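Engineer: Structure, please.
(one chain, ligands or ions: 1)
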Amino acid sequence: MTNTIPLVDLKAAYARLRAEIDAAVARVLAGGWYILGPEVSAFEAEFAAYLGASHAVGVASGTDAVLLALRALGVGPGDEVITVAHTAVATVAAIALCGATPRFVDIDPATYTLDPGRLEAAITPRTRAVVPVHLYGAPADMPPILAIARAHGLLVVEDCAQAHGATTGGRRVGTLGDAAAFSFYPTKNLGALGDGGAVVTDRPDVAERLRLLRQYGWRERYVSDVEGVNSRLDELQAAILRVRLRHLDAENAARRRLAARYDAALAGLPLGLPAAWPDERAVYHLYVVAADDRDALAAHLAAQGIGTGVHYPVPIHRQPAYARLGYGPGSLPATEAAAARVLSLPMYPDLSAAAVDQVAAAAHSYFETSEAETSEVF
Ligand SMILES: *Cc1c(COP(=O)(O)O)cnc(C)c1O
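Structural biologist: Residues are numbered from 1 along each chain as shown. Prediction:
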């Protein structure tokens, strides 16, 4: 008898933290202050302290976090911003929304993150910023990216939407560049029960500008100093995030244990397994394998009640909305190869070791079956 194993299980996390979350929600409801109040201020201070950053500014989503970080740094129309096409569309949408032109660099096929060896060739006189993405919970290769950015006077905005708590060289991601964007979408490692995001920075001028931009450009109520937007983190989400932040390290440790169990159980199969830079601690937002026959493997797992996902099936440069950027098929070979091969296996802190073993057994049975079919031909 096998159990159904979903790709992600948010109800399990809520059930585990229910007493604390319900108390936080009740406190906000009874407090009568629902937007930009004491919970948001407290969460901003606690999240900044957790990361080892000077400032965190709550905003409405991760997309807005990337957008407002770039705007606060003065990036806009006429500027080019370099990022990857193997990411959530939000990274690129935010660059376009600030008025800049997204430019793509291919990924390192081993780690799925921005290939620093290809960064310099993408820099033009209009390049203002680089947005490396710490994809799947694994830090991008930051030392060379930061060195190249510094040499060319480029800003660095880390996209940390999938990497809350990950470290590289002993520092949390989000503290390495000029600013960093986090999403608190419910499935993220630090997830709200609705939308939310934050920008983290050590620069007081950038933090101050973000506080203006997120609320109509107001320094003083009803007077817009700059052209702002409405992008606020609400008190309910902030109160929930304060609870979840206290459990983040334990949850990330659970994800790492489950990933190590997958690594051992899947070793020897014709699958690409997650790779790491030396001196980094990934937080396994997703556990992603690579398979030549990805769709057949996914179908085999689905038939056994195992949920999987593809992050992401269509690289951004091949999506209709971004065809205008002019990247044809074959222009980012490692990105396109990854999109065809990646498969995300079930991964969440409440996943059991037995479930990991069940997924691994199902993967083994897939390759045994397909080997038997192949040998029948001969
Ligand atoms: C989720 C995500 C975002 C966007 O976050 P939202 O809160 O959904 O707007 C941005 N970048 C990456 C890499 C993401 O995974």
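Engineer: Looking at the residue of the stretch 51-200 of the chain found nearest the ligand now. What's its pLDDT?
Structural biologist: Here the residue of the stretch 51-200 of the chain nearest the ligand is residue 62; by CB to the nearest ligand atom that distance is 2.4 Å. The way it works is simple: take the backbone N, C-alpha and C, and place the C-beta from them, glycine included. Each residue has a pLDDT score; the one for residue 62 is 98.
Engineer: How about the one 4 residues further on?
Structural biologist: pLDDT, residue 66: 98.
Engineer: In this structure it contacts residue 91, no?
Structural biologist: Yes. If you go by CB atoms under 8 Å, residue 66 and residue 91 touch, sitting 6.2 Å apart.
Engineer: Please identify which of these two sits among more neighbours.
Structural biologist: Counted by other CB atoms under 10 Å, residue 66 and residue 91 do not tie: residue 66 has more neighbours, with 35 against 26.
Engineer: So what does residue 132 have for phi and psi?
Structural biologist: phi -70, psi 150 (degrees, to the nearest 10).
Engineer: Wait, it touches residue 143, no?
Structural biologist: No. Residue 132 lies out of contact with residue 143 (CB under 8 Å); the separation is 11.3 Å.
Engineer: Looking at these two, which has the bigger crowd around it?
Structural biologist: Using other CB under 10 Å, the more surrounded residue of residue 132 and residue 143 is residue 132, with 31 against 13.
Engineer: which SS state does the closest residue in space to that one that isn't next to it in sequence fall under?
Structural biologist: Nearest in space to residue 132, with sequence neighbours left out and distances taken as CB to CB, 6 or more residues apart in numbering, is residue 140 at 3.9 Å. Counting by DSSP: H, G, I helix; E, B strand; the rest coil, the backbone at residue 140 sits in coil.
Engineer: can you check residue 56 too?
Structural biologist: Assignment for residue 56 (three-state DSSP): strand.
Engineer: That one: neighbour count?
Structural biologist: 26.
Engineer: For it, give me the pLDDT.
Structural biologist: Reading off the model, residue 56 has pLDDT 98.
Engineer: Quick check, it in contact with residue 44.
Structural biologist: Yes. Residue 56 lies in contact with residue 44 (CB under 8 Å); the separation is 4.4 Å.
Engineer: residue contacts, the residue in the stretch 251-378 of the chain positioned nearest to the ligand?
Structural biologist: Nearest residue of the stretch 251-378 of the chain to the ligand: residue 285, at 7.6 Å (CB to the nearest ligand atom). When contacts are counted by CB atoms under 8 Å, 6 or more residues apart in numbering, residue 285 touches 136-137, 162-163, 188-189, 255, 347.
Engineer: For residue 123, see how far away it is.
Structural biologist: Residue 285 sits at a distance of 29 Å from residue 123 (criterion: CB to CB, to the nearest Å).
Engineer: next one: residue 354
Structural biologist: Separation of residue 354 from residue 123 (CB to CB): 49 Å.
Engineer: quick one: which of those two has more around it?
Structural biologist: Comparing residue 354 with residue 123 by other CB under 10 Å, the one with more neighbours is residue 123, at 19 against 10.
Engineer: What is the neighbour count of the closest residue to residue 113 other than its chain neighbours?
Structural biologist: Nearest non-adjacent residue to residue 113, counting by CB to CB, 6+ apart: residue 140, 3.9 Å away. With neighbours defined by other CB under 10 Å, the count for residue 140 comes to 29.
Engineer: quick one: contacts for residue 140?
Structural biologist: Here residue 140 is in contact with 111, 113-114, 132-134, 158 (CB under 8 Å, 6+ apart).
Engineer: And residue 237, by the same measure?
Structural biologist: For residue 237, the contact set (CB under 8 Å, 6+ apart) comprises 184, 192-196.
Engineer: all helices of this structure, in order?
Structural biologist: Remark: helices assigned in the chain by DSSP state H are 10-31, 38-51, 62-72, 89-97, 119-122, 142-151, 204-213, 235-266, 294-303, 333-341, 353-377.
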